[in-house]
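> could you look at this predicted model? Sequence included:
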Amino acid sequence: MTTNIKDIAKTIGKLTGGFAPQIVLILGSGFGGYCDRVKAERTLSFSEIESFPRTSVAGHKGKLVFARHMGQDIAIMAGRVHYYEGFKMQDVVLPIRALRLLGARNLIVTNAAGGINEDFDKGDIMLIEDHISLFCPNPLIGKNYDEFGVRFPDMSRAYDRELGEVAKDCAKKIGLSLKRGIYCYLTGPSYETPADIRALMALGADCVGMSTVPEVICARHAGMRVCGFSYISNKGAGLSQEELSHEDVVAAFAGISDKFYALLDMLIERISDEKK
Ligand code: HPA
């Protein structure tokens, strides 16, 4: 598998003329509009890259955009693959590992999530301060790849405090009210029951979703710094009268504030690699 990752990194390197991103930005379902702000140097669809996992989820485009943006070399994953699509966990995190091999040291993750914290409303953005992944398989199960990191990586600061502070400062400057909290990862693809939501509430989760955590664990294993945001696309099951559907989750992004994209711009601009 390591050979596979190396080959994929090599293929991407060739297709992009040796582009070395410092920052990876994963755009979850509905955030694709951010790509319009970026002048791509090279765009690859996932299907162009041999052995790269291909997403099948409506609303996820599945492309890799390489760009110089806000003074930084970035790779945007517009779309991601999920464990619930039937991929092995190792394949879910493969893009992160390949981009790490190409030089990326920072990861910004975004996702849609159901709000559990009763102070959260549909349309809120939450800075992810920590996550719960007790119920899901770990992407590092199997042989350890020592070239990326240690067998038992620490997760006590999965989300970088300094980047979190920068994000909060950016939000303040932009006038975006940023919630903060804990993201709980469940595999999906079914949404939760109201009893699940009450249980997660008791565990201290502020929102729930079906992505992100595998990539974050893998990025931390490989020594990358992580900053993450959840878009509260709906209230968790049972917390409102509405039934949940993917179409409604995607539709909720029509209300996403341009301010969030401005925040991403400013955060990208302010990420510095001095502290590694
Ligand atoms: N639950 C799980 N994943 C989600 C939700 C939800 O309510 N909303 C968006 N992604």
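Structure received.
> which parts of the protein are helices?
2-15, 89-92, 94-101, 161-174, 194-203, 213-221, 246-251, 258-270 (DSSP state H).
> can you tell me the residue of the chain closest to the ligand?
Residue of the chain nearest the ligand, by Cβ to the nearest ligand atom: residue 114 (2.1 Å). (C-beta placed from N, C-alpha, C; glycine too.)
> neighbours of that residue, just the number please.
28 (other Cβ atoms under 10 Å).
> now the helices of the chain as a markdown table including distance to the ligand?
Formatted as a markdown table, the helices of the chain follow (distance: least, Cβ to the nearest ligand atom, whole Å):
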| stretch | distance to the ligand |
| --- | --- |
| helix 2-15 | 28 |
| helix 89-92 | 16 |
| helix 94-101 | 20 |
| helix 161-174 | 21 |
| helix 194-203 | 8 |
| helix 213-221 | 12 |
| helix 246-251 | 5 |
| helix 258-270 | 16 |
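> and those as JSON lines, adding mean neighbour count, distance to residue 76 and mean pLDDT?
Shown next, in JSON lines, are the helices of the chain (neighbours: other Cβ atoms under 10 Å; distance: least, Cβ to Cβ, whole Å; pLDDT from 0 to 100):
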{"stretch": "helix 2-15", "mean neighbour count": "16", "distance to residue 76": "13", "mean pLDDT": "87"}
{"stretch": "helix 89-92", "mean neighbour count": "20", "distance to residue 76": "18", "mean pLDDT": "92"}
{"stretch": "helix 94-101", "mean neighbour count": "25", "distance to residue 76": "10", "mean pLDDT": "96"}
{"stretch": "helix 161-174", "mean neighbour count": "16", "distance to residue 76": "17", "mean pLDDT": "96"}
{"stretch": "helix 194-203", "mean neighbour count": "15", "distance to residue 76": "30", "mean pLDDT": "97"}
{"stretch": "helix 213-221", "mean neighbour count": "26", "distance to residue 76": "14", "mean pLDDT": "98"}
{"stretch": "helix 246-251", "mean neighbour count": "15", "distance to residue 76": "19", "mean pLDDT": "83"}
{"stretch": "helix 258-270", "mean neighbour count": "18", "distance to residue 76": "10", "mean pLDDT": "94"}
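> among those, which is nearest residue 45?
helix 2-15 (10.7 Å; Cβ to Cβ).
> could you figure out how far that closest one is turned away from helix 94-101?
Here helix 2-15 runs at an angle of 70 degrees relative to helix 94-101 (axes from the mean of the first three to the mean of the last three Cα atoms, to 10 degrees).
> show me how far helix 2-15 is from its chain's centre.
For helix 2-15, the separation from the chain centroid amounts to 21 Å (computed by Cα atoms, centre = their mean, to the nearest Å).
> please name the nearest non-neighbouring residue to the spatially most central residue of the chain.
The centre of the chain sits closest to residue 109, judged by Cα atoms, centre = their mean, with a distance of 2.7 Å. Closest residue to residue 109 apart from its sequence neighbours, by Cβ to Cβ, 6 or more residues apart in numbering: residue 228 at 4.1 Å.
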